[in-house]
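[1] what follows is a predicted structure for the sequence shown.
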Amino acid sequence: ARESARRRAVGAYRAVRRYFPAARALGAEGAFRAGELLRSSSADEEALAEFELARDLGHGTEFRPRGGLEYAHLLRRRSRLLDALGAYAEVASMDDVESRYLEEALYWTGCVQARLGREREARGSWERVARRGRDPLERVRAFDAWASSLVETADLEAAAGVLELCRGELSPIA
């Protein structure tokens, strides 16, 4: 019954684009919501298509970067790392992207770069969020990933420096 209800809801969200083709913002939201439902039922290919539509239709809405991020997250989870890296880069380069979505895209860019063995680039992505991010929690997460990557390579002195930088940067807002 749950799967049947999910499919009906996905159909309703998709119908928004069919019945209101000129309402791109509504179509973007409908695609995003359909993508969420499809992802939750492990229909990843269909979810990817819906998130891609949300990204493409959502200019001027939060569903453009959100759709792009969910699209990239699904690619990452499916180990399509180079595709995920490109999708995160696309979100990070959006001209109207809010800082929270930019910071999330950069953080996950670092994670994918690390999985690809590109430690230097990964640290650069995390450092950018850690030093210039606006969201304190996102900054803490980036500092943590940056320092942890140094610990993993046994560069404890550099890791201690990152932790000290974190303390200095975030103490005023803690």
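    Done, it's in. Note that the structure is a prediction, hence the values are computed from the model and not measured. Residues are numbered from 1 along each chain as shown.
[2] state the distance from A122 to D155.
    Remark: distance between A122 and D155 (C-beta to C-beta, to the nearest Å) = 14 Å. (C-beta placed from N, C-alpha, C; glycine too.)
[3] now do the shared contacts for the two.
    Taking C-beta atoms under 8 Å, 6 or more residues apart in numbering as the criterion, A122 and D155 do not both touch any residue.
[4] the more surrounded of those two?
    Higher neighbour count among A122 and D155: A122, with 21 against 14, using other C-beta atoms under 10 Å.
[5] packing partners for the host helix or strand of L69?
    Assigned by DSSP states H and E, L69 belongs to helix 63-77. Secondary-structure packing of helix 63-77 (3 or more C-beta pairs under 8 Å, 6 or more residues apart in numbering; DSSP states H and E): helix 24-40, helix 44-57, helix 81-92, helix 99-115.
[6] give me the contact list for that helix.
    Residues from elsewhere that reach helix 63-77 (C-beta under 8 Å, 6+ apart): 25, 28-29, 31-32, 35-36, 39, 44, 47-48, 51-58, 81, 83-84, 87-88, 90-91, 94, 96-98, 101-102, 104-105, 108, 111-112.
[7] list phi and psi for S93.
    Per-residue torsions, S93: phi -100, psi 0 (degrees, to the nearest 10).
[8] any of the contacts of helix 63-77 buried? List them.
    Buried by 16 or more other C-beta atoms under 10 Å: 25, 28-29, 31-32, 35-36, 39, 47-48, 51-58, 83-84, 87-88, 90-91, 94, 97, 101-102, 104-105, 108, 111-112, out of those.
[9] please tell me how far the residue nearest in space to the middle of the chain sits from R24.
    Nearest to the geometric centre of the chain sits L69, at 3.5 Å (C-alpha atoms, centre = their mean). In this view, L69 and R24 are 19 Å apart by C-beta to C-beta.
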